[in-house]
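> Following is a predicted model, sequence given first.
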Amino acid sequence: MQPLFETSKNTVKSLSVFDFDGTLTYRDSFIPFLKFAFGRRKFSSRIIKMVLPTLRCFRRKLTRDELKEILIKTFLTDIDEKWLKEKAEEFCKLYWAKLMRPNGLLAVAEEVNHGGEVTICSASPAMVLQPFADRLGIKLIGTLLEVVDGRLTGKIIGNNCRCGEKIKRLEAVYGDLSLYHMKAWGDSRGDHELLLAAQMPHWRHFHSGSNKSRKSPIKLTVKK
């Protein structure tokens, strides 16, 4: 006699992907991290160098990715890798409650409990976000910082992990995404490709009020 319910050998796997900044957090985390790590005086002396590049970005003379590369070069050239990782651990402990959205944390826990793959996919440096991913008990895909002989070069490896790069990075880790039932959470233009690739896209799902009501510039449809 065959069992009443038979498990298919081709069961679709689950993949839940969360953007970090603005999705699981109330705000951007990288600039606050830099201010925490370097202290107010060093941070101020370096961030002022970003004024002109930022203006050029507003005028569309620089892309957001190019601006990000300048920011990383300005702050993280010749920085000790171990020191940065220690600062990331400290930052996570001190700022967890201030940064993280409680309903976002509940959603992550729910996806973990359901089984399947759960990961953060963020444009922020993976080295900075690793303690957050560890605390959540999930995987992490982020922008990779180049390290040579234990020191950061101020360059990134590959491309900034946003827009289409998020899909490429996910495919590099998980393979063909069509083999997964994919859920995705995002809040900005950098998440559009991610959301479009998901069967269940969530746009600003953890936001409240008028911010949540702002619709995505792209039409999100749930795939069957």
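Here it is on my side, so go on. Every value quoted in this text rests on a predicted model; they were computed, and no experiment measured them.

> ok, residues contacting stretch 183-200?
For stretch 183-200, the external contacting residues (CB atoms under 8 Å, 6 or more residues apart in numbering) are 14-19, 22-24, 64, 104, 107, 111, 121, 123, 162-164, 166-167, 170, 177, 181-182, 201-207, 216-218, 220, 222-224. Heads up, the C-betas are built off the backbone N, CA and C, glycines and all.

> make it 7 Å
16-19, 22-23, 121, 123, 162-164, 166-167, 177, 181-182, 201-205, 207, 218, 220, 222-223 (CB atoms under 7 Å, 6 or more residues apart in numbering).

> So which of those residues belong to helices?
164, 166, 167 (DSSP state H).

> Which residues are in contact with the first one?
Pointing back at residue 164 there. Applying CB under 7 Å, 6+ apart, the residues near residue 164 are residue 193.

> Would you check how far apart it and residue 194 are?
9 Å (CB to CB, to the nearest Å).

> In this structure residue 147 contacts residue 82, no?
No - the criterion here is CB atoms under 7 Å, and residue 147 misses it with residue 82 at 10.2 Å.

> if we take the ones in helices among the contacts of stretch 183-200, which one ends up nearest to residue 49?
For these, the minimum distance to residue 49 (CB to CB) is 28.3 Å, reached by residue 166.

> so when I look at residue 153, I'm seeing a helix, right?
No - applying DSSP: H, G, I helix; E, B strand; the rest coil, one finds residue 153 to be strand, outside a helix.

> Helix or strand for the nearest residue to it once chain neighbours are set aside, just tell me which one.
Distances taken as CB to CB, 6 or more residues apart in numbering place residue 146 nearest to residue 153, at 4.5 Å, with adjacent residues excluded. Using DSSP states H and E, residue 146 sits within strand 139-148.
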